[in-house]
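Q: Here is a sequence together with a model predicted from it:
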Amino acid sequence: MSSYAKELQVAQLAVQRAAILTKRVFHEKAKGTVSKDDKSPVTIGDFGAQALIISALKASFPDDEIVAEEEAAQLRQDANLRQTIWDLVKTAQLSDSAAEGLLGGGIKDEETMLTMIDYGNSKGGAKGRIWAIDPIDGTKGFLRGGQYAVCLALMVDGDVKVGVLGCPNLPIDDAAPLSGGMESGQTDEGRGVLFSGVLGQGATSRPLTTGVLATEKSISMRAITDIAAATFCESVEAGHSSHGDQAEIAKLLGITNPSVRMDSQAKYASIARGAGDIYLRLPVSATYQEKIWDHAAGDLIVREAGGAVTDIHGKPLNFSIGRTLADNKGVVAAPAAAHAQVLEVVQEVLAKK
Ligand SMILES: Nc1ncnc2c1ncn2[C@@H]1O[C@H](COP(=O)(O)OS(=O)(=O)O)[C@@H](OP(=O)(O)O)[C@H]1O
Ligand SMILES: [Mg+2]
Ligand SMILES: [Mg+2]
Ligand SMILES: [Mg+2]
């Protein structure tokens, strides 16, 4: 077995299983949303997916540490919320029993589900094996019927080695035009992609099925000969990345294609498969620190697909200092050959402020 083959297989199946649950919640009108301390939303889907992924990781890698976005405190105080999530968790399983077995089967009971969620409380750091989980990235997109991603990455001694992104609402066709969401009335038909990357081994995509692994194919970024023909991906929320700065950067690069706004790490996945070219995350707040689970898998997948990823100062994203990217500001992701040119214009625009 090549290196990290078992980790990759477990991670892919764990994300697949969690996506069965998130898809069920996505199609419900009331998504069981509660507000977190920082006012951001979290749904029954986020909690349930986190419990399922952690239980899968613990079955194969009991000693690994886990940094995950959510915690169970709210659920311990709210029996109704807990029960709703448990009903979802206990019925989410892969249609292939051998694959389900590899994930250790279902979670035993409600209390174990809470324990699983709270295993995600590692402080992170530069030593050992640490998984980063974002059970639903782009929760706001998830709520508005747009793009979201189930995200999982393994870091070893601070370096991302394996990254998996489940994107239930992206078209399976790598060449399909970029779009930020599902048009109303659309079904799951033709949608759902699982992206993977292993350090030094390239990046792949395959349909996000509910059973065994579908055939995967290798993906790569589009080779851009003329930067003016590039397409940008950016956040939907102006509070997460500055739309004004992004527009100015596009103009200076001669880019006239409208930027595509979509939530979540589906942005990294989209440029990695050549459906778009450049992803910029331009700091809006002087104090916000990016979370490692919002970037670990996407950063690796883009680099393995032939991209370069840095922050706005040109530094690689540093996943080794805890739960946040405290050493970095913003994100600049582009095809390796075009990255320096894009970064130069990013710095020129930001320096004027
Ligand atoms: N103030 C601020 N600045 C930058 N980033 C923030 C901020 N607040 C939240 N977040 C994180 O953004 C995650 C979603 O990022 P997106 O790029 O998908 O945003 S957007 O929804 O498209 O606008 C989102 O991830 P999820 O919570 O998993 O959805 C947050 O972790
Ligand atoms: Mg969140
Ligand atoms: Mg997120
Ligand atoms: Mg999240």
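A: Looks like it came in fine. Just so it is clear, the model here is predicted, and its values are computed rather than measured. Ligands and ions are numbered 1, 2, ... in the order given.
Q: near ligand 2, which residues of the protein?
A: Contacts of the chain with ligand 2, taken as CB under 5 Å from the ion, map to Ser40, Thr139. Any C-beta I mention is one placed from the backbone N, CA and C, and that applies to glycine too.
Q: and the chain, which residues reach ligand 3?
A: Residues of the chain lying near ligand 3 (CB under 5 Å from the ion): Asp134, Asp137, Asp294.
Q: Tell me which ones among the residues you listed also neighbour ligand 4, please.
A: Answer for the residues of the chain next to ligand 3 near ligand 4 (CB under 5 Å from the ion): Asp134, Asp137.
Q: for the residues of the chain next to ligand 3, which one is nearest Asp159?
A: Nearest to Asp159 among the residues of the chain next to ligand 3 is Asp294, at 17.5 Å by CB to CB.
Q: Quick check: the closest one touching Gly138?
A: No: with contacts counted by CB atoms under 8 Å, Asp294 stays clear of Gly138, the gap being 9.3 Å.
Q: Common neighbours of those two, please.
A: Here Asp294 and Gly138 share the contacting residues Gln265, scored by CB atoms under 8 Å, 6 or more residues apart in numbering.
Q: related to what we said a few turns ago, going by neighbour count, which of the residues of the chain next to ligand 3 comes out on top?
A: Sorting the residues of the chain next to ligand 3 by how many neighbours each has (other CB atoms under 10 Å) puts Asp134 first, at 32 neighbours.
Q: ok, Asp263 touching Gln147?
A: Yes: in terms of CB under 8 Å, Asp263 counts as a neighbour of Gln147; the distance is 5.0 Å.
Q: Which one's more surrounded, those two?
A: Gln147 (28 against 25).
Q: okay but the more buried one is in contact with Gly166, surely?
A: No: applying CB under 8 Å as the test, Gln147 and Gly166 come out as separate, 11.6 Å apart.
Q: and Arg129, what are its bridge partners?
A: Beta-bridge pairing for Arg129 (DSSP bridges): Val156.
Q: What about the nearest residue to Arg144 once chain neighbours are set aside, how many residues nearby?
A: Nearest residue to Arg144 in three dimensions, chain neighbours excluded: Gly181, at 7.2 Å (CB to CB, 6 or more residues apart in numbering). By other CB under 10 Å, the residues close to Gly181 number 17.
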